[in-house]
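A.B. asks: what's the 3D shape of this:
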Amino acid sequence: MSSTEALETPRDKRSLSSRLRAHARKAAIPALVLSVTVGGLGLSTTAHAADSPQCPPTAPPTCGAANKGKAPVTGDEQHKGKLTPGKMQDKTLKAWQGIGWPNWRNIGDRDESWQVSSHVDHLGIPHSEWVETGGRYWDNGGSLRDFMNEGHAGASSSNYRGTFQEYIAHTFDHDPSGEGERTGKDRFVRAINTGDTWITWDHYKSFIYLGKF
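C.D. replies: Numbers count the residues shown, from 1 in each chain. Okay, here's the model as predicted:
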């Protein structure tokens with residue numbers, strides 16, 4: 001199910017100094033994987049710098065200049081891309097569905113991490129799985145918005161005026177919210193209003209349409 005969304009006014013991203021102050025405060029409290037939960041799952045509020053953030057419309061022209069332009073999108077409403085059942089990206093998509101696709105409107109315009117499973121094996125060794133969202137996706141070049149407005153995602157997705165959220169498409173065996181965490185190249189990007197979802201395997205250079213989730 002997709003969440004409803006009004007037309008948004010972009011929020012200011014947190015400055016580096018405020019992020020560092022927040023990080024310092026949290027470092028002083030060892031157990032700051034908060035009891036706040038989403039669907040009963042642990043939420044970490046420690047943010048880290050995205051490894052290659054998207055540029056908001058108000059950014060200077062030099063921001064992300066090398067990544068601007070059209071990215072090819074394959075698949076459509078009638079020919080959706082498929083994830084291999086039981087494999088990492090398929091399991092991770094189901095995990096995001098399970099916690100309701102949190103997005104910048106309800107968690108703030110920043111990275112965020114959730115613990116989605118934990119158990120102790122027969123040797124007494126603890127194991128856990130975490131997922132992370134990279135924040136709002138700005139769709140530089142309009143590749144996904146044009147895909148929707150040209151009807152490739154179906155008539156209900158045309159004239160899209162909402163925003164997008166990016167989600168890392170694999171899980172971690174630890175809380176990935178620390179500064180400097182490398183997060184790989186695979187991402188889901190989802191239109192918040194409609195649920196239309198794409199996967200990119202090459203960090204936004206190309207997309208495959210998966211359908212509505």
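A.B. asks: all contacts plus neighbour counts: C-alpha atoms, from now on.
C.D. replies: Fine.
A.B. asks: Buried residues, the longest strand seen in the chain. List them.
C.D. replies: Counting by DSSP state E, the longest strand found in the chain is strand 126-137. Residues 129-137 are the ones in strand 126-137 that count as buried (16 or more other Cα atoms under 10 Å).
A.B. asks: how about those in JSON lines, adding pLDDT and distance to residue 157?
C.D. replies: Below are those laid out as JSON lines (pLDDT from 0 to 100; distance: Cα to Cα, whole Å):
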{"residue": "129", "pLDDT": "95", "distance to residue 157": "33"}
{"residue": "130", "pLDDT": "96", "distance to residue 157": "31"}
{"residue": "131", "pLDDT": "96", "distance to residue 157": "27"}
{"residue": "132", "pLDDT": "95", "distance to residue 157": "26"}
{"residue": "133", "pLDDT": "93", "distance to residue 157": "23"}
{"residue": "134", "pLDDT": "87", "distance to residue 157": "23"}
{"residue": "135", "pLDDT": "90", "distance to residue 157": "22"}
{"residue": "136", "pLDDT": "94", "distance to residue 157": "19"}
{"residue": "137", "pLDDT": "95", "distance to residue 157": "17"}
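A.B. asks: Out of the residues you listed, the closest to residue 120 would be?
C.D. replies: Nearest to residue 120 among the buried residues of strand 126-137: residue 129, at 12.1 Å, using Cα to Cα.
A.B. asks: list the contacts for the closest one?
C.D. replies: Neighbour list for residue 129: 115-118, 171-174 [criterion: Cα atoms under 8 Å, 6 or more residues apart in numbering].
A.B. asks: out of those residues, which are inside strands?
C.D. replies: 115-118.
A.B. asks: hang on, the earlier thing: just the buried members of the contacts of residue 129?
C.D. replies: 115-116, 171-172.
A.B. asks: could you redo those residues as a markdown table and give each row pLDDT?
C.D. replies: Shown next, in a markdown table, are the buried ones among the contacts of residue 129 (pLDDT from 0 to 100):
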| residue | pLDDT |
| --- | --- |
| 115 | 95 |
| 116 | 95 |
| 171 | 96 |
| 172 | 95 |
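A.B. asks: And the residues you listed, which is closest to residue 92?
C.D. replies: For the buried ones among the contacts of residue 129, the nearest to residue 92 is residue 171 (6.3 Å; Cα to Cα).
A.B. asks: which residues touch that closest one?
C.D. replies: By Cα under 8 Å, 6+ apart, residue 171 lies in contact with 88, 92, 129-132.
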